[in-house]
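Engineer: Need coordinates for the below:
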Amino acid sequence: MKHTSKPAPATVTIRGYMERTGLTGREFAKRVGISQPFMCEIIGGKRAPGRETVRKFAAATNGELGAEYWTYRDADAENAQAASNG
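Structural biologist: Have a look, this model is predicted:
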């Protein structure tokens, strides 16, 4: 099944959000309610957040990094993986 997605605007990324709001990774992790190492793994693409963590991101960002953001992010990652495999 081929995924199609529009990329999230550059200003609506975790790093972009943090830069725009002046939050450090530690501060943003605390605001979201997750550990700073887990935040780093999410930003680095090493781990994906579960539903509850997505809800926490949405609540902490007034919906800017809500479910729609994660849907596009995951679909883009799957498309990149599929492209690199062949």
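Engineer: Show residues contacting stretch 52-60.
Structural biologist: Residues outside stretch 52-60 that contact it (Cβ atoms under 8 Å, 6 or more residues apart in numbering): 28, 31-34, 42, 49, 65-67, 69-70. All C-beta spots, glycine's among them, are computed from the backbone N, C-alpha and C.
Engineer: Could I get the average pLDDT for that stretch?
Structural biologist: On average, the pLDDT along stretch 52-60 is 92.
Engineer: Which residues are in contact with residue 25?
Structural biologist: By Cβ under 8 Å, 6+ apart, the contact set of residue 25 is 18, 36, 39-40, 43.
Engineer: and the residues you listed, which are buried?
Structural biologist: Among these, the ones that count as buried by 16 or more other Cβ atoms under 10 Å are 18, 39, 43.
Engineer: could you point out which element follows the host helix or strand of the second one?
Structural biologist: Remark: residue 39 resides in helix 36-43, with elements defined by DSSP states H and E. Where DSSP H and E defines the elements, the next helix or strand beyond helix 36-43 is helix 51-60.
Engineer: For that next one, list every residue counted as buried.
Structural biologist: Buried residues in helix 51-60, counted by 16+ other Cβ under 10 Å: 53-54, 56-58, 60.
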